[in-house]
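> Following is a predicted model, sequence given first.
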Amino acid sequence: MVVCPQCPDEDDPLEEDTMNFYSSPTLLKLASQRLLREEALAISALKDLPRDLFPVIFEEAFTGRYTKILRALIPLWPFPYLSKGTLIENSNLETLKAVLEGQDILIAQKIHSSRCKLRVLNLRNTHHALWRIYEGSYEHEGLPEFMTQKYPVVNSPDCRENKELTVTVDLKLDEDGMDESATYLLQWAQQRKDSIHLCCRTLRIHGLPKAVCREIFKVVHTDCIKDLDLSFLNPEEIDFLTPYLRHMNNLLTLMIKSIRGASYMDDFSEEVDEENISRLISPLPTFHYLQNLYVHDVIFLEIQLKECLRCLRKPLKTLSITGCFLLHSDLDYLPYCLNTSELKYLNLTATCLDHLVIDGLGFLLENVKDTLESLELEFCMMEESHFSAILPALSQCSHLTKVNFYNNELSLPFLKQLLHHTAQLSQLTYEVYPAPLECYDDSGVILSHRLEKFCPELLDIIRAKRQPTRVIFATNQCFNCSGSYVYDLETQHCLYQKVLLPD
């Protein structure tokens, strides 16, 4: 048990600091806010409004929920692209209806306004700016820089259909179906399928009401789906989805997570129904373009790993197997699989390796030494013998920019040995190492002053070869409070943190 002296009593309240940031409104915003107060005047003025003002007016109308103005803006939108993912994210149904009704007006017009160039309505939660413009589709001299950024057209076969509008969206389906905004959008697109192309980029299925699922695939073009997240399903539900999966010809990312009947929440038993477990992944079709595979919280993966990789037709960029239970055969198989020969990102976080001989992992690292950029072996319960097996190959991974070895059991002498190897990796910009075992007493209590004493010497090992950018040494989390002591490179002191090592 790891315990730190910072643990608060269970009854102590945790205070949260809230900071509010205010910025003075620009003259443009003030003018648009004044205009919006006179709704009828604002609508009549849209035809003569300089196009540079449209994004500002739209944002103000969206924030203030001026639905009539939003409805009038769409048929006159002077750019080919409009992005507002929060329409779906926040279940803002009335505002979403206003935008879609504006599109209905545009579709119904036999002669479109010469000002309107809208072709793509992006409702994805992309965290981009409000608007994006396709470069070259208008004369952009004099426009601000943020109005002239490139936004690539995705060349999915169905996206080339000659329709009035493409609506791009991310959808999530759970046991209760979809939220009201997503449901409304789906019904709206279905009724206008001759004019509207609904392009779903990310589909998350976290529970499977089959009737709703069928309705989704009546509208959504499977060729458009790039990212698929299958979570909290059972083998029978994956069987149901397989016919749809076979048509996801452009899938780039697949996540399989927390499959029912194979998660840590189930009763652990030595007697496992292997036939039932094998059905989790074996029905999956071949994915010709898959680049990123994530498998999380699936115990007894050993009889699935070959099935997972069998589904691929080109080498992966990302292989993430986290919170799983692996056997020797899994690690032995990885270096001989052609689909893992060009990995850039390898993540085995929370996959216990303490019971394994991990020579296979060393062979895998040697195979990908010319491509690997990120290696995460966090919470793997690795000991010094395990690291000894991979150190020679690790030293050859010259393109690594990130390593994370947190929460593994290493003594101070061996940690120094590890650092002598990673110090030679000149591209590293993010490094996380476990505090040495000498930073705990015999009862597992954290001795933070020891970490503070050891770290300058540990950093000197790296500085002898290169200048570190971000290096973190951290103790295990306290059993009581989940806090940890982290050595901060800037202050050169140990700091107590409640939230450990943000990405």
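Done, it's in.
> what's the domain layout of this protein?
As given by automatic domain parsing, the domain ranges for the chain are 27-117, 401-503.
> For the nearest residue to residue 464 once chain neighbours are set aside, give its distance to residue 400.
The shortest distance from residue 464 to any non-neighbouring residue, by C-beta to C-beta, 6 or more residues apart in numbering, is to residue 423 (6.7 Å). In short, each C-beta sits where N, CA and C put it, glycine included. Here the distance between residue 423 and residue 400 works out to 12 Å (C-beta to C-beta, to the nearest Å).
> Looking at the two, which has the bigger crowd around it?
More neighbours surround residue 400 than the other of residue 423 and residue 400, with 22 against 19 (other C-beta atoms under 10 Å).
> Skip the chain neighbours and tell me the closest residue to residue 175.
Nearest residue to residue 175, sequence neighbours excluded (C-beta to C-beta, 6+ apart): residue 207, at 3.4 Å.
> Show the contacting residues for the one you found.
Shown in contact with residue 207 (C-beta atoms under 8 Å, 6 or more residues apart in numbering): 173, 174, 175, 176, 232, 233.
> same thing but at 10 Å, please
Listed by C-beta atoms under 10 Å, 6 or more residues apart in numbering, the contact partners of residue 207 are 172, 173, 174, 175, 176, 177, 213, 231, 232, 233, 237, 260.
> so which of those residues would you say is closest to residue 450?
residue 231 (41.3 Å; C-beta to C-beta).
> Now for residue 423 and residue 400: what residues contact both?
residue 431.
> Any stretches of the stretch 1-150 of the chain with poor pLDDT?
Low-confidence segments of the stretch 1-150 of the chain (pLDDT under 70): 1-35, 37, 86-91, 110-113, 126-150.
> Just the strands from it, written as ranges.
Secondary structure of the stretch 1-150 of the chain (DSSP state E, counting those that start in this stretch): strands located at 81-83, 120-122.
> tell me the contacts of the residue nearest to residue 464?
Contacts of residue 423 (C-beta under 10 Å, 6+ apart): 395, 431, 460, 461, 462, 463, 464, 465, 466, 468.
> Now for residue 213, how many residues are close by?
Residue 213 is flanked by 18 other residues according to other C-beta under 10 Å.
> my guess is it is in a helix, correct?
Yes. Looking at residue 213 with DSSP: H, G, I helix; E, B strand; the rest coil, it is inside a helix.
> that older thread, which of the contacts of residue 423 sits closest to residue 47?
Among the contacts of residue 423, and counting by C-beta to C-beta, the member closest to residue 47 is residue 431, at 58.3 Å.
> I figured the closest one hits residue 415, correct?
No. Residue 431 is beyond contact range of residue 415, at 12.0 Å (criterion: C-beta atoms under 10 Å).
> shared neighbours of these two, anything?
Here residue 431 and residue 415 have 405, 473 as joint contacts, going by C-beta under 10 Å, 6+ apart.
> circling back to that earlier point, would you turn the domains of the chain into a markdown table with distance to residue 387?
Putting those into a markdown table (distance: least, C-beta to C-beta, whole Å) gives the following:
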| stretch | distance to residue 387 |
| --- | --- |
| domain 27-117 | 43 |
| domain 401-503 | 6 |
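> So which of those is nearest residue 254?
The closest of these to residue 254 is domain 401-503. By C-beta to C-beta, the value is 21.0 Å.
> Count residues in the vicinity of residue 114, would you?
There are 8 residues near residue 114, going by other C-beta under 10 Å.
> quick one, what contacts it?
Taking C-beta under 10 Å, 6+ apart, one finds 76, 78 in contact with residue 114.
> again with residue 108
So residue 108 contacts 75, 195 (C-beta under 10 Å, 6+ apart).
> separation between it and residue 195?
Here residue 108 is placed at a distance of 10 Å from residue 195 (C-beta to C-beta).
> Also residue 206?
Residue 206 is 31 Å from residue 195, where distance means C-beta to C-beta.
> could you flag which of the contacts of residue 207 are buried?
172, 173, 174, 177, 213, 231, 232, 233, 237, 260 (16 or more other C-beta atoms under 10 Å).
> ok, and the closest non-adjacent residue to the first one?
Computed as C-beta to C-beta, 6+ apart, the closest residue to residue 172 that is not its neighbour in sequence is residue 204, at 4.2 Å.
> Tell me if the one you found really is in a strand.
Yes. Judged by three-state DSSP, residue 204 forms part of a strand.
> thinking it is in contact with residue 174, fair?
Yes. If you go by C-beta under 10 Å, residue 204 and residue 174 touch, sitting 8.2 Å apart.
> Look at residue 416 and report its pLDDT.
Residue 416 is assigned 98 on the pLDDT scale.
> So it: helix, strand or coil?
Assignment for residue 416 (three-state DSSP): helix.
> How about it: what's its closest non-neighbour residue?
Sequence neighbours aside, residue 461 is the residue nearest to residue 416 in space, at 6.1 Å (criterion: C-beta to C-beta, 6+ apart).
> so which strand or helix has the one you found?
Assigned by DSSP states H and E, residue 461 belongs to helix 448-463.
> Mind giving me the packing neighbours of that helix?
On a contact count with 3 or more C-beta pairs under 10 Å, 6 or more residues apart in numbering; DSSP states H and E, helix 448-463 meets helix 412-422, strand 430-434, strand 471-474, strand 484-488, strand 493-497.
> gap between it and the chain center?
Chain-centre distance of helix 448-463: 33 Å, with C-alpha atoms, centre = their mean, to the nearest Å.
> tell me the angle it makes with strand 484-488.
Here helix 448-463 points in a direction 40 degrees away from that of strand 484-488 (axes from the mean of the first three to the mean of the last three C-alpha atoms, to 10 degrees).
> Next, the buried residues of helix 448-463.
Buried-residue list, helix 448-463, by 16+ other C-beta under 10 Å: 448, 450, 451, 452, 454, 455, 458, 459, 461, 462.
> Let me have the contacts of residue 207 in JSON lines, adding pLDDT and secondary structure as columns.
JSON lines is the format used below for the contacts of residue 207 (pLDDT from 0 to 100; DSSP: H, G, I helix; E, B strand; the rest coil):
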{"residue": "172", "pLDDT": "93", "secondary structure": "strand"}
{"residue": "173", "pLDDT": "93", "secondary structure": "strand"}
{"residue": "174", "pLDDT": "92", "secondary structure": "strand"}
{"residue": "175", "pLDDT": "90", "secondary structure": "coil"}
{"residue": "176", "pLDDT": "90", "secondary structure": "coil"}
{"residue": "177", "pLDDT": "91", "secondary structure": "strand"}
{"residue": "213", "pLDDT": "94", "secondary structure": "helix"}
{"residue": "231", "pLDDT": "92", "secondary structure": "strand"}
{"residue": "232", "pLDDT": "90", "secondary structure": "coil"}
{"residue": "233", "pLDDT": "86", "secondary structure": "coil"}
{"residue": "237", "pLDDT": "87", "secondary structure": "helix"}
{"residue": "260", "pLDDT": "61", "secondary structure": "coil"}
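> This completes my enquiry, with thanks.
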